[in-house]
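> Below are the sequence and a predicted model for it; my questions follow.
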Amino acid sequence: MIEFFQQLLNGLSLGAIFALIALGYTMVYGVLRFINFAHSDVFMVGAYAGYYIGRFVPEHTVWGGLAALAVAMTICAVLGVIIERLAYRPLRSAPTLNVLITAIGVSLLLQNLGQFFFGATPRPFPELFPVTLFIFHGIYISSNQLVVIGVTLALLFALRFIVLRTKIGTAMRAVSQNPKAASLVGINNDLVISFTFALGSALAAAGGMLYALNYPSIDPLMGVLPGLKAFVAAVLGGIGNIPGAALGGLLLGVVETFVNGSKDWSTYKDAIAFALLILMLLFRPAGLLGSFTKEKV
Amino acid sequence: MRLLLVTCCIAIFTLSLRAAEPIKIGEFASLTGKQASFGQTNHRGAVFAVEEINAAGGIFGRPLELITADTRSLPGEAATVVKKLIARDKVTAIVGETGSAAALEAAPLCQAAGVPMITATATNPRVTEQGSYIFRACFIDPFQGTVLAQFAHHTLHARRVAVLVAAGNAYSVGLAQYFKINFTALGGQIIAEQKYAEGDKDFRAQLTAIKAIQPDAIFASGDYVESALSCVQARQLGITAPFLGGDTWDSPALIAIGGSAVDGSYFSAHFSPEAKELAVQHFVHRFRARWGELPDTGSSLGYDAVLVLADALRRAHSTEGAKIRDALATTRNFPGVTGRITMDAQRNASKAAVIFTIKTGQFVYLETIAP
């Protein structure tokens, strides 16, 4: 029984990171209807930003960790805006496929720039937050796991607040529903889209730093696998749906952990994750929480 | 008269050029990517050996030229670059790779082209089974598995051991297999075998399952990043059993990533700079003067691989593939810095292994185990 709860906790802390990355995918999709494949590499840049800032703040302090997190998120928000401005905006009126392929190009560019500037060798990530171990009825919880779950929850609620309760959030939803009508009522579409990218990239940076805190070895290709998993999570939950992305991430993390902990099935971990995706697409194509909106002609 | 002089000059010039035409040695190594830490040190060892040989006048008057290709730690890349080394650069012989998976890609190509290949650190037995032109300067995983099983059983007095394997990694799967066979033969028990995908970073699920059965020790046959991360996560889950690993643990990055979590772990290796032999100490001194760092397993085996090859070239007195192969196969008691190297019938170097432990962030030499 203890083992079950320990695995559940392991799964939730892994899933929280998938959820954080999935939020960025789903938000950009919600507004622009395209998958930003460069998202997983912004995640990597976020981890490296944390690594370099970590040299200027004292290790093992809460304020040092939060400061590094805030700066990394800001850097990546700016990076996200730049990527959108240079790579995606010129293609705004082009078919979605063009933008999709450009996104893959940006992703490869970031990976290779990362290898060029940071070097391909894995680097150890500093312990920015104080690390303590809690033992609760035989279940071991590291403070890093709690930080991951806590930050993910906080950012999820902040995001929901921004999208549902603020003016810019209302504008985002308007652009998402109908860009032309939104610009007719005086919404600056470019500004809203830039803001969406800034927000999504900041979330990716947070994900990257938390991932590096939990698994303290970073390299320029570190975003590929978690990015893919987060993409699956976003589709599982219903792409374009914010609580859905969070739910999909947690579900994927828990399933993966239980498969990994089993005796004979651990080698099929990824196969099971993707089989889950295929089943979902077959029986509920809109995802767990997603819903289809009928296109009006 | 002047014409004669000019002709003479040209003749001498051409002759000396012909005489000094370098012998091309191809090298393929993971200089970037996941295994870069090994590829880089291995490369520095090979470069240093070539420099020393050339400074001493080369081989039958001809200098060695090392042509290096990067495999970027990616599957498929080794085959591509080795094809290039053989076809375009027309190398006489090839040294590399550090990893068994990449060496296995290249070996059939070298065999087919009749180009002798000697790998420094690829320890999987199947590498030299690819054919009569494939050699190695290190011991093989069955021996390493025996050594680690003996150490776990006799020195650590472990009886119930859990194994953590990187599925899909030829080295990790092979080493775990030989450890299991030898450890059970000694009367020990393998109570769990948990697998993860190569490149994974979260091992909490597997470790939680291992924790439930309380092993005396955990044998982690994956690379240094995976093993260091699993040590960290094991300690966070309250697992106190010591970890054991193979020669891929021999990297400073293990300690940089693992921190205090890898303290009290053990691993087998090829070489210790703390060994007392004079030849080793001289090598350590010269190497440090050249690169500003201590030689490790990768660099000393990279150095030895080139020396063994140079010795074979000298004895063959030829750059013909078949003659070099015959000379390599008859290497007996060659004094390398990693021990006396004798090629056995399967073209593997037979020599001793060393066991290290980690104490407060330092590798500490424990013992040498001979074959």
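Ah, there it is. Values in this document were obtained by computation on a predicted structure and should not be read as measured data. Numbers count the residues shown, from 1 in each chain, chains lettered A, B, ... in the order given.
> What mean pLDDT does stretch B:180-200 get?
The average pLDDT for stretch B:180-200 rounds to 92.
> which parts of that stretch are buried?
Buried residues in stretch B:180-200, counted by 16 or more other Cβ atoms under 10 Å in any protein chain shown: B:180, B:182-183, B:188, B:190, B:192-200. In short, each C-beta sits where N, CA and C put it, glycine included.
> got the contact list for that stretch?
Applying Cβ atoms under 8 Å, 6 or more residues apart in numbering or on different chains, the external contacts of stretch B:180-200 come out as A:225, A:260, A:263, A:266-267, A:269-270, B:34, B:145-146, B:148-150, B:152-153, B:158-169, B:172, B:176, B:203, B:206-207, B:209-210, B:213, B:215, B:222, B:226.
> same check, this time on stretch B:69-78
With Cβ under 8 Å, 6+ apart as the test, stretch B:69-78 has contacts from A:120, B:26-36, B:39, B:81-82, B:84-85, B:96-97, B:99, B:101-103, B:105-106.
> Among the residues you listed, which ones are in strands?
B:26, B:27, B:28, B:29, B:96 (DSSP state E).
> and those near chain A, which?
If you filter the ones in strands among the contacts of stretch B:69-78 for contact with chain A, counting by Cβ under 8 Å from any Cβ of the partner chain, you are left with nothing.
> nearest to residue B:266, of these?
Distances from residue B:266 to the ones in strands among the contacts of stretch B:69-78, taken as Cβ to Cβ, are shortest for residue B:29 (27.3 Å).
> Quick check: beta-bridge partners of the closest one?
Beta-bridge pairing of residue B:29, defined through DSSP bridges, involves residue B:70.
> Can you give me the neighbour number for it?
31 (other Cβ atoms under 10 Å in any protein chain shown).
> cool, residue B:269 as well?
For residue B:269, the neighbour count with other Cβ under 10 Å is 22.
> go on, residue A:132?
A count of nearby residues for residue A:132, using other Cβ under 10 Å, gives 11.
> show me the contacts for it.
Taking Cβ under 8 Å, 6+ apart as the criterion, residue A:132 is in contact with A:142, A:143.
> Need the pLDDT of it.
pLDDT, the model's per-residue confidence, is 87 for residue A:132.
> and it, how far is that from residue A:213?
14 Å (Cβ to Cβ, to the nearest Å).
> now swap in residue A:97 and tell me
In terms of Cβ to Cβ, residue A:97 sits 37 Å off from residue A:213.
> higher neighbour count, the two?
Per other Cβ under 10 Å, whichever of residue A:97 and residue A:213 has more neighbours is residue A:213, with 28 against 9.
> where's the more buried one relative to chain B, distance?
The span separating residue A:213 from chain B equals 11 Å under the rule Cβ to the nearest Cβ, to the nearest Å.
> of the contacts of stretch B:180-200, buried ones?
By neighbour count, with 16+ other Cβ under 10 Å, the contacts of stretch B:180-200 hold A:260, A:266, A:269-270, B:34, B:145-146, B:148-149, B:152-153, B:158-159, B:161-167, B:169, B:172, B:176, B:203, B:206-207, B:209-210, B:215, B:222, B:226 as buried.
> give me the number of residues near the closest residue to chain A within the stretch 251-371 of chain B?
Of the residues in the stretch 251-371 of chain B, the one nearest chain A is residue B:256, at a distance of 4.1 Å by Cβ to the nearest Cβ. Residues within reach of residue B:256, counting by other Cβ under 10 Å, total 18.
> Double-check it against residue A:125; I have them as touching.
No: under the criterion of Cβ atoms under 8 Å, residue B:256 is not in contact with residue A:125, lying 9.9 Å apart.
> Let me see the contact set for residue B:101.
Shown in contact with residue B:101 (Cβ under 8 Å, 6+ apart): B:75, B:169, B:170, B:171.
> Skip the chain neighbours and tell me the closest residue to residue A:10.
Across the structure, with Cβ to Cβ, 6 or more residues apart in numbering or on different chains as the measure, the residue nearest residue A:10 apart from its sequence neighbours is residue B:204 (4.0 Å).
> confidence score at the one you found?
The model reports residue B:204 with a pLDDT of 92.
> And for residue A:245?
At residue A:245, the model reports a pLDDT of 90.
> how about the helices in the stretch 1-150 of chain A?
A:2-32, A:39-53, A:62-83, A:96-118, A:143-165 (DSSP state H, counting those that start in this stretch).
> Export these to TSV and append columns for distance to residue A:280 and mean pLDDT.
Formatted as TSV, the helices of the stretch 1-150 of chain A follow (distance: least, Cβ to Cβ, whole Å; pLDDT from 0 to 100):
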stretch	distance to residue A:280	mean pLDDT
helix A:2-32	14	90
helix A:39-53	21	95
helix A:62-83	28	93
helix A:96-118	21	91
helix A:143-165	21	90
